[in-house]
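J.: Quick one, structure for this:
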Amino acid sequence: MFKRPNIRHLRAFSLTVRHNNVSRAAQLAHLSQSAVSQAIARLEDYYGCSLLERRNVGVFPTAYGSIATRRIDRATDRLGRAVERLLINRRSTSRLPVEVDRMISVSQLSALCAVAATGGFKSGADQLGLAQPSVHRAVRDLESLLGVSLFERTSRGISPTRLGAGFALEATLVLKEVDNIGDDLDIARGRFEGRIAVGSLALGQSDLLPLAITEVSRRYPRADFFLQDGSFEQLHHALQHGEIDMVIGARRLHPEPGLVQEVLFTDQLSVMARAGHPLAGRTDIQIADLAAWPWVLPRPGTPTRAVSDAIFEGSGYAPATGVIETGSMLMVRGLLAASDRLTVLSRRQVRVEEQAGLLVSLDFHPPGMAREIALMHRLDWRPTQLQEVLIQQLRDLAPESPAD
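T.: Take a look at the predicted model:
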């Protein structure tokens, strides 16, 4: 199991920085002064750097200490808000300890997240590399502390309650902030060894993201990347749960609350077909001609599907029967190459096939055949410096105009 620092130690350190006084921090943390001093020493040992410097007028953070404090405060503030929301919504009237969030441990949060993600105490324990009784005890202690049931038994095993699911999501993001403390400090020391997790929709996989990652990897060869593809719904879920840091893909017209979208460029779409298609090479293509052929369409609700539907909207025509709907680019390429089907795609996505003479863009260019490609992330996300490097690389590589 990956060992994280004690969140109570992190809070004690932050209080010391805020008040420039170990004694005052000890009072606020309900600890002895020696316990706070030991906590800070353990953190400095854990991170391998000095976090505080002592002066005649008090204690002050080092440059590394200031970096750590910013991320610690994000983690503890988020945990405090999550506990407050949970307590407001709980039905029990039993009294709880004051500042209950300060009594929650990293092991309890880790156990909660693992059980919620895997759907069972045994599988959660396996994920953490711990004994099942230890994980079970950590979750039950957390439930007792909060005065709510976080899990319930169903016919399929263990599932989070409504309050448990929401709190597990927040706990995941708290732990993500804790993990980023080390990344921030490593980068500050010139060790670009962090990890970036990126979700990519179809276009992001074609050229922009691979080129950006290749450049960042060249500059920082010890940086790790985790790439995940899938539908927008899958990637949005992973984004909200802190499993990935950002998503590259077509801008959503009606985004979920809490989703920030930064437009990188506008991408031109085309009606694509196999080389040798009866419509290929024609310069007089009308909507009726397109409607005469079967189509491969993107999944409903996607930006490209909206553009595809707009081609026929109000024309009195519709794609020929036998439509195939898919979000798989491999399937789209295979279907186009093996049949006379048509589809709407960015030429960036099939540049290799077009250059190889396998697919062609039809000479049909109605208005509205474009979509915006965006970088998406959570509203309250604060990227590490390494993540900022990738973001800037994406901005730098983004084309200034649609593809020809």
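J.: how about the strands in the stretch 251-400 of the chain?
T.: 259-274, 296-297, 324-325, 343-346, 359-361, 370-378 (DSSP state E, counting those that start in this stretch).
J.: How about the residue in this structure that sits furthest from its center?
T.: Farthest-out residue of the chain from its mean C-alpha position, per Cα atoms, centre = their mean: Asp284, at 45.1 Å.
J.: a markdown table for the strands of the stretch 251-400 of the chain, including distance to Phe121, mean pLDDT and mean neighbour count?
T.: C-beta coordinates here come from the backbone N, C-alpha and C atoms, glycine included. A markdown table is the format used below for the strands of the stretch 251-400 of the chain (distance: least, Cβ to Cβ, whole Å; pLDDT from 0 to 100; neighbours: other Cβ atoms under 10 Å):
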| stretch | distance to Phe121 | mean pLDDT | mean neighbour count |
| --- | --- | --- | --- |
| strand 259-274 | 33 | 94 | 19 |
| strand 296-297 | 44 | 96 | 22 |
| strand 324-325 | 39 | 96 | 12 |
| strand 343-346 | 46 | 93 | 24 |
| strand 359-361 | 51 | 95 | 22 |
| strand 370-378 | 29 | 93 | 20 |
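J.: Just send these back as CSV, with distance to Gly65 too.
T.: Formatted as CSV, the strands of the stretch 251-400 of the chain follow (distance: least, Cβ to Cβ, whole Å):
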stretch, distance to Gly65
strand 259-274, 29
strand 296-297, 55
strand 324-325, 54
strand 343-346, 47
strand 359-361, 57
strand 370-378, 26
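J.: So which of the ones you listed is nearest Leu87?
T.: Closest to Leu87 of the strands of the stretch 251-400 of the chain, according to Cβ to Cβ: strand 370-378, at 23.4 Å.
J.: Can you spell out which helices and strands pack onto the closest one?
T.: Judged by 3 or more Cβ pairs under 8 Å, 6 or more residues apart in numbering; DSSP states H and E, strand 370-378 is in contact with helix 232-240, strand 246-250, strand 259-274, helix 303-312.
J.: Thr161 reaches Leu146, doesn't it?
T.: No - taking contacts as Cβ atoms under 8 Å, Thr161 lies outside contact range of Leu146: 11.4 Å.
J.: which of these two has more neighbours?
T.: When Thr161 and Leu146 are compared for neighbours, Leu146 comes out ahead with 23 against 15, by other Cβ atoms under 10 Å.
J.: which residues does that one contact?
T.: Going by Cβ atoms under 8 Å, 6 or more residues apart in numbering, Leu146 touches Val83, Leu86, Leu87, Arg90, Leu96, Val100, Phe167.
J.: just the buried members of those residues?
T.: Among the contacts of Leu146, the ones that count as buried by 16 or more other Cβ atoms under 10 Å are Val83, Leu86, Leu87, Leu96, Val100, Phe167.
J.: Present these as CSV; the columns should include pLDDT.
T.: Output for the buried ones among the contacts of Leu146, formatted as CSV (pLDDT from 0 to 100):
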residue, pLDDT
Val83, 92
Leu86, 88
Leu87, 84
Leu96, 57
Val100, 83
Phe167, 94
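J.: What is the burial count for Val247?
T.: Number of residues near Val247 (other Cβ under 10 Å) recorded here: 24.
J.: Hmm, it is touching Leu235, no?
T.: Yes - in terms of Cβ under 8 Å, Val247 counts as a neighbour of Leu235; the distance is 4.9 Å.
J.: Please enumerate the shared neighbours of the two.
T.: Contact criterion Cβ under 8 Å, 6+ apart; residues shared by Val247 and Leu235: Gly199, Ser200, Leu201.
J.: Which of the strands of the stretch 251-400 of the chain sits closest to Gly48?
T.: Of all the strands of the stretch 251-400 of the chain, it is strand 370-378 that lies closest to Gly48, at 29.3 Å by Cβ to Cβ.
J.: which residues sit in contact with Leu52?
T.: Applying Cβ under 8 Å, 6+ apart, the residues near Leu52 are Phe13, Thr16, Val17, Ile40, Glu44, Val59, Phe60, Pro61, Thr62, Gly65.
J.: Wasn't the last one part of a helix?
T.: Just to be clear, that refers to Gly65. Yes - with DSSP: H, G, I helix; E, B strand; the rest coil as the criterion, Gly65 is part of a helix.
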